[in-house]
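J.: Need the 3D shape of this:
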Amino acid sequence: MSLTLEDVKHMTDCNSIQEMFTSLRQQEEKVTRELDELLKNQAHLETKMRNLNQTLPQVAIVEKGCSTLQNTIRNTNLLAEKVSRKVRQLDTAKGRVDGCIKRVNDIIDLIKCCEGVQETLASDNYELAASHIQKYLLIDQKLISNIDDDVDGSFLVLREAELRFINNLNRSFDKGVKEGSDEDVLRFAKLYPMVGRAEDGLAKLGNYLARKVANKGQAHLASALKTSKEDKRWSVMYADTLTRLFEDSARVVESVLPMVEVCYGDDNVSKILSSVQDECVRQARGTFNNFLQTRNVIDIVTAINENEQLDSELKLDQVLEEMVIMNSRSQLYINFLRKRLQVEEWEGEAGLNELQQEAMGHYILLETHFVKQAIQKAVALERREEKSLVSSVVDDICYVIQKSVHRAIGSKNVDITCAMINNAGSILSMDVCKVLLEVIKTGYPSPTSYSWSQQGTEEQIKEQREAFLTAVNNTRTLTDNILKLAKGFEVKCEKTFTESLMKKIQSCLSGLRDVQSDFREVLRKGEINLCKMAVYSKMHPVIAEVASISHVLSEDTFYSLELEDPWLQEVVKMFGEVVVPLESLLHSEIYHSVVATSISEMTEYLEKLVMTCSFGQLGGLLLDKRLRTLVSYLSSITEWSVREKFARLNMIAMLLSVDGIVEIPDLYSSTAPLSIQDIRKCLKLRTDFRREDIEKVVKEL
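T.: Reported below is the predicted structural model:
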């Protein structure tokens, strides 16, 4: 802030004067600091000034050199412009000279062509005649016309010779087609582009190749229809016919493509392929229609849609095998065309794709029916070996599913493969699970579940028990086999399909693996029923005896029970007679699951009973000993952990066996399996603990 004399004169207030004084003092300090900073850098500034004074003579020299360089560049630029003007003049002159030379050469070529074309046409030398006409067509008539009457006459002669040559060429080509001479057809076909008739040549060549494919296709089909039923190839004769058709079409294409690429250009390759492909699709359609009629495919499809019984499932299996071969050959031929054209997809394959889609629709319906019928037959013929836990239906179902999907993969069609993987999952989830669930719903028979009027013979009970256990074991084994099937399908698909197509297949395989959840649900119902009927019905009465026993014991009674405990012996005996024998009858995973479920049920039921009893300290000690013995025994009959299931009971026994209530806080922790409310209820079971002491201790927890 700047201060003037007028400002000072108008100051009458002490506060204003004081503020102004403070401001001036701050400004003075700031100026002082700046001066100190400048004085501190004085030596550095003086050094810079001396350096600048020393460089001044050098700057003068540089300035003089720059002026000289500027003059040199200006002179060079003027010289370059003069040279450039001369070059342009020379280039113009050269262009005119070249134009003159070209006119002269064109006139010379015109005269030679006029003379040569007459001789070559007379001697039927088509190749040389075509080269003369090609040269004639390349001549720019506007440049040399009206120069001389002879030149104009030569043009007229050559135009007439061109028309005459085209007529002769067409006649010779048609003759070669009629005689079926591939050599003549190719010889004359390559001349059309030379005389400016490439489109005509492509059309004629395409028609010839299509006619050739048609003749071969009709011959192969006629030969197939004569095949005897005793012939070992009769069941796949249409697949063989289609294979030969595609092989012939490929050979026809390969025989002309090198010539087409050289004479007509790469852009016209697809036109030739389209001509061949259209006829190939027509012949394939005819073969497929004959296949549908001879194999009665339409009748079979109608019967399936109307739920009618088929005459022979074996015949259907043969039809499916032939359809897969036909589809795989079609896909192989499509891949050949794509590779030849170096494209991922070609519009010319639409007709064959449409035929594949129609065949795929029939195939999926027939294959699905075949799988379902095969599984129904496997269930009807189910048998179990004496020492086997599972029945034949497990291997039969897996074999049928594997055969179906492998057959679909063999078609080399990703849509068919995905459809059959999805169908396999659907059949397993709906049909197979339904069959297993129906058996499991009948329940595990127990003598206590029958009245005297309802109870069947021992043989019937045994059969129902075996059927139930077999269904449970089958369910578990099929659950594991689903993963194995999915892995096997994945490996086979990776060898057949590209990485991009595998992404689509992986999604279907994921759905197949998810079918496991349906089987686990069926298995869960089976395990629950087995536990209730085979274990709980006998376990509950034995465990319930604990409620009828006094737990306020004298020392003599305690020592006596410690040596020989009837209740504990009965529990161990019950597990040994009811649960342990199941190990030889069940899949290992099912057995351990049943043991774990039974233990959970026992601990929950025992806890409820214990909470209804009264205890002394010795009763609590006896309960603790019983639990430790049970944990030790049960750990010996299962691989799964048992101790965690007894966590609540063990703490209850610990609380009931303490010497005094004052020990309770030392036993409690925040991770204890019992809540505060549970501890209060448990302590009230001790007959020697007072209520007020219990409440006092609980409040301290």
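J.: Would you agree P673 falls within a helix?
T.: No. Remark: P673 does not belong to a helix; assigned using DSSP: H, G, I helix; E, B strand; the rest coil, it is coil.
J.: centroid residue for this structure?
T.: Geometric centre of the chain, nearest residue: K503, 2.3 Å, by CA atoms, centre = their mean.
J.: any weak-confidence spans in the stretch 1-150 of the chain?
T.: 1-12, 93-126, 129-150 (pLDDT under 70).
J.: Please enumerate the strands of it.
T.: Using DSSP state E, counting those that start in this stretch, no strands are assigned anywhere in the stretch 1-150 of the chain.
J.: Show me the helices in it, by range?
T.: Ranges of helices in the stretch 1-150 of the chain, per DSSP state H, counting those that start in this stretch, are 5-9, 14-40, 42-122, 126-138, 141-144, 149-179.
J.: before we move on, the earlier item: what residues does the helix or strand hosting the residue nearest to the centre of the chain touch?
T.: In this assignment (DSSP states H and E), K503 forms part of helix 499-514. Helix 499-514 is contacted by residues 414, 417-418, 421-422, 424-425, 428, 482-483, 485-486, 489-490, 493-494, 497 when judged by CB atoms under 8 Å, 6 or more residues apart in numbering. Every residue, glycine included, has its C-beta placed from N, CA and C.
J.: Run through the chain and note the low-pLDDT ranges.
T.: Counting by pLDDT under 70, the chain contains low-confidence residues at 1-12, 93-126, 129-158, 160-162, 311-314, 447-456.
J.: ok, 50 please
T.: Low-confidence segments of the chain, defined by pLDDT under 50, span residues 149, 450-455.
J.: Please enumerate the strands of it.
T.: Ranges of strands in the chain, per DSSP state E: none exist.
J.: what about F336, neighbour count?
T.: 16 (other CB atoms under 10 Å).
J.: give the contact list for it.
T.: Going by CB under 8 Å, 6+ apart, F336 touches A250.
J.: isn't S392 right next to A378, touching?
T.: Yes. Counting by CB atoms under 8 Å, A378 is a contact partner of S392 at 7.2 Å.
J.: More neighbours: which of those two?
T.: Neighbours per residue (other CB under 10 Å) separate S392 from A378, with A378 holding more: 21 against 16.
J.: tell me the contacts of that one?
T.: By CB under 8 Å, 6+ apart, the contact set of A378 is S392, V393, D396, I397, V400.
J.: quick one: the fourth one from L332, how far?
T.: If you measure I397 against L332 using CB to CB, to the nearest Å, the figure is 32 Å.
J.: check contacts around V260.
T.: V260 touches L205, N268, V269, I272, counting by CB under 8 Å, 6+ apart.
J.: if we go to 6 Å?
T.: V269, I272 (CB atoms under 6 Å, 6 or more residues apart in numbering).
J.: okay, I397 and L332: which has more neighbours?
T.: In terms of neighbours (other CB under 10 Å), I397 is the more surrounded of I397 and L332; the figures are 23 against 14.
J.: where's the more buried one relative to M651, distance?
T.: Remark: distance between I397 and M651 (CB to CB) = 48 Å.
J.: excluding its backbone neighbours, what's nearest M654?
T.: Nearest non-adjacent residue to M654, counting by CB to CB, 6 or more residues apart in numbering: L667, 6.0 Å away.
J.: if I read this right, S411 contacts I325, doesn't it?
T.: No. Assessed by CB atoms under 6 Å, S411 is found out of contact with I325, at 8.4 Å.
J.: Who has more neighbours out of the two?
T.: Neighbour count, other CB under 10 Å: between S411 and I325, S411 has more, with 25 against 19.
J.: can you count the residues close to the closest residue in space to that one that isn't next to it in sequence?
T.: Nearest non-adjacent residue to S411, counting by CB to CB, 6+ apart: N327, 4.2 Å away. For N327, the count of nearby residues is 23 (other CB under 10 Å).
J.: What of V62?
T.: 10.
J.: just K212 next, same as before
T.: K212 has 21 nearby residues by other CB under 10 Å.
J.: do the same with V253
T.: Close neighbours of V253, defined as other CB under 10 Å, add up to 22.
J.: Might you report the residue contacts of it?
T.: For V253, the contact set (CB under 6 Å, 6+ apart) comprises V276.
J.: And it, how far from H220?
T.: Look at V253 and H220: by CB to CB, they are 17 Å apart.
J.: next one: V594
T.: 64 Å.
J.: and if you look at G351?
T.: Where H220 is concerned, G351 sits at a distance of 19 Å (CB to CB).
J.: So those two - more neighbours on which side?
T.: For G351 versus H220, the count of surrounding residues by other CB under 10 Å is larger for H220: 21 against 16.
J.: from what I can see that one touches L242, true?
T.: No. Applying CB under 6 Å as the test, H220 and L242 come out as separate, 8.6 Å apart.
J.: Helices of the stretch 451-600 of the chain, residue ranges please.
T.: For the stretch 451-600 of the chain, the helices defined by DSSP H, counting those that start in this stretch occupy 458-496, 499-514, 516-530, 537-544, 555-563, 566-574, 588-610.
J.: Which of those sits closest to Y633?
T.: Closest to Y633 of the helices of the stretch 451-600 of the chain is helix 566-574 (CB to CB; 5.7 Å).
J.: Please write out the alpha-carbon positions of the closest one in PDB.
T.: Only the C-alpha atoms of helix 566-574 are listed here, as PDB (Å, rounded to 0.1, in the frame of the first residue of the first chain):
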ATOM      1  CA  PRO A 566     -25.700-100.800  30.300                       C
ATOM      2  CA  TRP A 567     -27.000 -97.700  28.500                       C
ATOM      3  CA  LEU A 568     -23.700 -97.000  26.800                       C
ATOM      4  CA  GLN A 569     -23.400-100.700  25.800                       C
ATOM      5  CA  GLU A 570     -26.900-100.600  24.200                       C
ATOM      6  CA  VAL A 571     -26.000 -97.500  22.200                       C
ATOM      7  CA  VAL A 572     -22.800 -99.000  20.900                       C
ATOM      8  CA  LYS A 573     -24.600-102.300  20.200                       C
ATOM      9  CA  MET A 574     -27.400-100.500  18.300                       C
END
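J.: Farthest pair within the contacts of A378?
T.: Distances among those were taken as CB to CB; the most separated pair is S392 and V400, at 12.0 Å.
J.: Would you enumerate the residues in contact with E607?
T.: Applying CB under 6 Å, 6+ apart to E607 gives the contacts L649.
J.: let me fix that: A467
T.: So A467 contacts V439 (CB under 6 Å, 6+ apart).
J.: Distance-wise, check it relative to A374.
T.: Relative to A374, A467 is positioned 21 Å away (CB to CB).
J.: And for E555?
T.: 72 Å.
J.: ok, the two, which is more surrounded?
T.: A direct count of neighbours by other CB under 10 Å for E555 and A374 places A374 higher, at 20 against 8.
J.: From what I see, the more buried one and V400 are in contact.
T.: Yes. Taking CB under 6 Å as the definition, A374 is a contact partner of V400 at 4.4 Å.
J.: tell me, how many neighbours does the residue lying closest to L561 once chain neighbours are set aside end up with?
T.: Closest residue to L561 apart from its sequence neighbours, by CB to CB, 6+ apart: L622 at 5.8 Å. Neighbourhood size, L622 [other CB under 10 Å]: 25.
J.: ditto for E37
T.: Neighbours around E37, by other CB under 10 Å: 9.
J.: That one: what's it in contact with?
T.: Taking CB under 6 Å, 6+ apart, one finds nothing in contact with E37.
J.: what do you get for G410?
T.: Contact analysis of G410 by CB under 6 Å, 6+ apart lists V324.
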